[in-house]
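**Q** Sequence first, then the predicted structure:
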Amino acid sequence: MGIKAFLSKPLAAWVHSQQQSWMERPAQAQEQVFQTIIRKAANTAFGKDHFFKDIQTPKDFAQAVPIRDYEALRPYFDCLKRGEKDVLWPGLPLYFAKTSGTTSGTKYIPITQDSIPNHINGAKNALLNYIHETGRAQFLDGKLIFLSGSPVLEQVAGINTGRLSGIVNHHVPGYLRTNQLPSYETNCIEDWETKLDAIVNETLQERMTLISGIPPWVQMYFDKIMSRTGKQIKDVFPDFNLFVYGGVNFAPYKAKLYESIGRKIDSIETFPASEGFIAFQNAQDDPSLLLLADSGIYYEFIPAEEYHQPNPRRLSLAEVKTGVNYALIINSNAGLWGYSIGDTVKFTSLFPHKLVVSGRLKHFISAFGEHVIGEEVEGALHDAMKEFPEVAVTEFTVAPYVSQGEGASYHEWFIAYDTPPHDPERFAKALNWHLRRRNSYYDDLISGNILANLKVTALPADAFQQYMKRQGKLGGQNKVPRLSNDRTLADGLLEVVQP
């Protein structure tokens with residue numbers, strides 16, 4: 001065992017003991033976060049506009065601060081982009097995390113001196129928690145790869161601005177910097193395909209032990225390696241034993257990734273966002289994620305079915321229940337207040353408070369009143385693939401097809417197969433059955449002959465990659481929406497495969 005692996009174990013034990021203290025008292029940890037951030041932001045422009053000095057309780061806060069998305073908070077963000085101080089948080093942001101929004105164009109999310117530890121420590125503690133749980137620290141003695149966006153930062157009003165993954169790259173602990181790949185020069189390459197070739201060149205002969213990234217882009221990396229070597233990943237990187245991922249549900253990619261690797265390895269799921277590092281998987285035998293209750297973010301939870309109502313309930317962590325879909329609202333030391341990040345979550349346990357990401361508020365299909373969400377289509381696909389073990393899926397999305405008079409409307413699934421089902425018709429029927437089982441509204445529409453059974457449109461394995469390339473979103477932290485309530489993405493995919 002190397003020196004880094006050896007020294008990590010007492011640090012991991014200390015981090016775990018700190019974690020246990022707030023896991024046992026999450027409501028108290030949240031109350032402390034709430035009082036701290038309210039008091040510190042009282043003299044900001046936002047704090048004055050919303051009477052922070054008069055706020056004593058979360059109920060006071062909910063009455064003073066409405067729920068907003070990026071667009072609704074844009075006037076405050078625009079002030080920051082003009083270089084104004086003390087707008088949402090004391091002083092100026094340390095960074096802007098630049099991210100693409102579906103309705104707001106490019107978004108500039110502030111990261112402050114107080115909030116940057118949330119991003120850095122969240123990722124670090126996920127690894128240390130794994131070391132404490134399993135006793136496995138040898139990965140720290142090998143090479144670690146983080147497939148991420150470019151670390152090159154631009155200036156906006158004198159504030160360093162870039163993709164979150166690029167920003168975080170500047171804060172990799174010094175003791176890991178010598179292990180980190182790719183090189184800074186390679187990481188700065190903007191074109192994803194060129195960058196991927198360079199990453200393969202740099203890593204092919206190295207002792208890779210940890211690989212981290214969004215699953216579809218990691219799969220592209222594996223595909224390139226296997227194409228070049230003719231070997232599975234386990235034979236190219238025999239010491240690769242830990243996969244860290246986040247951003248999308250792993251289940252649709254799991255079979256192909258493990259097939260590419262050639263053996264099962266440990267994995268850690270994380271829930272990072274530009275707005276904050278929310279949760280990480282803290283147990284190998286439980287896929288749900290531990291909510292970080294003491295990390296500078298005060299959470300509110302709105303029952304998803306109430307989100308668009310005029311006065312939805314805003315629940316604290318002490319009030320949530322298991323099995324309920326909640327819209328996630330954050331208030332943080334980055335200066336985000338009543339901020340809806342667009343994700344929905346569902347708690348799987350309380351004490352500890354653990355959750356799964358169940359979908360996106362804006363990514364759903366309800367063209368016919370069914371309100372199908374991401375968790376439901378991902379679950380239906382997962383169960384259908386269990387029945388058809390030969391199937392390997394590269395990527396997929398679902399869109400409504402609205403009949404113009406001939407036949408009933410239906411859901412159209414666009415699936416890029418690495419390995420297609422032996423019987424596509426039976427596979428589509430299995431998908432349909434599992435979706436009906438998960439969503440009673442969809443089931444009623446099928447039973448009432450208002451909707452026809454879903455149809456699957458098979459696409460080439462690289463169809464989504466080609467589509468993302470046309471959109472200028474290939475690689476990095478970009479993700480394909482699982483669901484759309486219109487045909488924009490569907491039509492774009494068809495243009496790629498049927499020009």
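**A** Received the coordinates, thanks.
**Q** how about the helices in the stretch 1-150 of the chain?
**A** In the stretch 1-150 of the chain, the helices defined using DSSP state H, counting those that start in this stretch lie at 3-23, 26-40, 45-49, 58-64, 70-81, 116-134.
**Q** Would you mind saying which of these lies nearest residue 479?
**A** Closest approach to residue 479 among these (Cβ to Cβ): helix 70-81, 17.2 Å. The C-beta positions use only the backbone N, C-alpha and C, and glycine is treated the same way.
**Q** Walk me through the domains of the protein.
**A** 1-361, 364-497 (the TED database).
**Q** As CSV, the ones you listed with mean pLDDT and mean neighbour count would be great.
**A** Output for the domains of the chain, formatted as CSV (pLDDT from 0 to 100; neighbours: other Cβ atoms under 10 Å):
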stretch, mean pLDDT, mean neighbour count
domain 1-361, 92, 18
domain 364-497, 88, 18
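**Q** Run the chain-centre distance for stretch 466-482.
**A** Relative to its parent chain, stretch 466-482 has a centroid offset of 15 Å by Cα atoms, centre = their mean, to the nearest Å.
**Q** Can I get that stretch in CSV, CA atoms only?
**A** C-alpha atoms of stretch 466-482 as CSV (Å, rounded to 0.1, in the frame of the first residue of the first chain):
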residue,chain,number,x,y,z
GLN,A,466,-24.1,12.9,-33.8
TYR,A,467,-27.1,14.9,-32.6
MET,A,468,-25.2,16.4,-29.7
LYS,A,469,-22.4,17.2,-32.0
ARG,A,470,-24.7,19.2,-34.3
GLN,A,471,-26.0,21.1,-31.2
GLY,A,472,-22.4,21.9,-30.1
LYS,A,473,-23.0,19.9,-26.9
LEU,A,474,-20.8,16.8,-27.4
GLY,A,475,-19.0,15.6,-24.3
GLY,A,476,-18.3,17.4,-21.0
GLN,A,477,-21.2,17.7,-18.7
ASN,A,478,-23.9,17.8,-21.3
LYS,A,479,-26.9,15.4,-21.0
VAL,A,480,-29.7,14.3,-23.3
PRO,A,481,-33.2,14.9,-21.8
ARG,A,482,-35.0,11.7,-21.1
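**Q** Can you give the contact residues for that stretch?
**A** Identification of contacts with stretch 466-482 by Cβ atoms under 8 Å, 6 or more residues apart in numbering yields 99-100, 102, 147-150, 163-165, 192-193, 195-196, 214, 216-217, 220, 247-249, 359-360, 363, 374, 377-378, 395-398, 464-465, 489, 492-493, 496.
**Q** swap in stretch 435-453?
**A** Contacts of stretch 435-453 (Cβ under 8 Å, 6+ apart): 368-372, 376-377, 379-380, 407-411, 428-429, 432, 454.
**Q** Stretch 397-406 too?
**A** By Cβ under 8 Å, 6+ apart, the residues outside stretch 397-406 that reach it are 365, 367-368, 372, 377, 409-414, 454-455, 464, 480-487, 489-490, 493.
**Q** now, which of the residues you listed lie within strands?
**A** Taking DSSP state E, the ones among these that sit in strands are 365, 372, 410-414, 455.
**Q** Nearest to residue 422, out of the helices of the stretch 1-150 of the chain?
**A** From the helices of the stretch 1-150 of the chain, taking Cβ to Cβ, the stretch that ends up closest is helix 116-134, at 38.0 Å.
**Q** what angle sits between the closest one and helix 3-23?
**A** 100 degrees (axes from the mean of the first three to the mean of the last three Cα atoms, to 10 degrees).
**Q** Helix 116-134: how far from the chain's middle?
**A** The answer for helix 116-134 is 16 Å, by Cα atoms, centre = their mean.
**Q** Could you export stretch 363-376 as CSV, CA atoms only?
**A** In CSV, the C-alpha atoms belonging to stretch 363-376 read as follows (Å, rounded to 0.1, in the frame of the first residue of the first chain):
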residue,chain,number,x,y,z
HIS,A,363,-38.6,17.0,-18.5
PHE,A,364,-41.9,15.1,-18.7
ILE,A,365,-44.6,14.1,-21.1
SER,A,366,-48.1,15.2,-20.4
ALA,A,367,-49.3,15.9,-23.9
PHE,A,368,-52.4,13.8,-23.1
GLY,A,369,-52.6,14.3,-19.3
GLU,A,370,-50.4,11.4,-18.4
HIS,A,371,-47.5,13.3,-16.7
VAL,A,372,-44.9,10.6,-17.2
ILE,A,373,-41.6,11.5,-15.5
GLY,A,374,-38.0,10.4,-15.9
GLU,A,375,-38.0,7.9,-13.1
GLU,A,376,-40.9,6.1,-14.7
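**Q** just the strands in the stretch 251-400 of the chain please.
**A** Under the criterion DSSP state E, counting those that start in this stretch, the stretch 251-400 of the chain contains strands at 266-273, 276-280, 289-291, 297-303, 325-332, 339-349, 354-360, 364-365, 372-373, 392-401.
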